[in-house]
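J.: Mind folding the following:
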Amino acid sequence: MKKVSQEDKLFYFERNFFTLDGLWMIETEKELNWENALKIDLAVWKKLLKIIIRRIKKYLKIETNTLTDLVEILTFRWSIEGWKYNTVKNEETEALIEIHGCPYKSTMDRNPDRHDKIPLICRNMCIPFYKEIVENFNSKIRLERNEFMGLGNDLCDFHFKIEEK
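T.: Coordinates of the predicted model:
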């Protein structure tokens, strides 16, 4: 019997995390309908991402809620999940990150039956939960997004600014 290593655990959970997410959505949609499945999925992801953000913050020993902290937490998560991104600007009051590869979109790209769902997931899932993540993390941080791969752009942008009073 093989002794399970940390690398084995990472392989197992990384490979199955995205599969579980996709299968759960497909089966919920079959059982209910697209609108209700999406509504449930959004509620679950909003709660899950709050927990993920809190756990990453603790893991990284981050004790404040600055813009720099938010960028560190998000890029940590994105790196773990295999996102391809470029931090264009990361300053105390402003940050800009460009996403060039999203594992969730990539998963749907591989399934021709889900191509029509990509813009719906982008519009109704990704956009609202990142807005909520930012607002919950620090109400002075504003997120502006103008580019969305799920809506046909070449990249997604995350432009964060500290609200001036």
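J.: Quick one: low-confidence residue ranges for this protein.
T.: Counting by pLDDT under 70, the chain has low-confidence residues at 165.
J.: what are the ranges of the strands in it?
T.: Using DSSP state E, the strands of the chain run over 84-90, 94-101, 141-144, 156-162.
J.: hey, which of the ones you listed is tucked in deepest?
T.: strand 156-162 (a mean of 20; mean count of other CB atoms under 10 Å). Where C-beta positions appear, they are placed from N, C-alpha and C, glycine not excepted.
J.: in terms of contact, does Leu120 touch Asp41 like I think?
T.: No: if you go by CB atoms under 8 Å, Leu120 and Asp41 don't touch, sitting 11.0 Å apart.
J.: Give me the neighbour count for the closest residue to Gly82 other than its chain neighbours.
T.: Closest residue to Gly82 apart from its sequence neighbours, by CB to CB, 6 or more residues apart in numbering: Pro103 at 4.8 Å. Number of residues near Pro103 (other CB atoms under 10 Å) recorded here: 16.
J.: hang on, isn't Pro103 packed against Lys84?
T.: No: with contact defined as CB under 8 Å, Pro103 does not reach Lys84; the gap is 9.0 Å.
J.: This structure: helices as residue ranges?
T.: Taking DSSP state H, the helices of the chain run over residues 6-31, 34-59, 67-81, 103-109, 118-121, 127-137.
J.: Quick one, which of those gets closest to Met149.
T.: In terms of CB to CB, the element of the helices of the chain nearest to Met149 is helix 103-109, at 5.7 Å.
J.: buried sites along the closest one?
T.: 103-105, 108 (16 or more other CB atoms under 10 Å).
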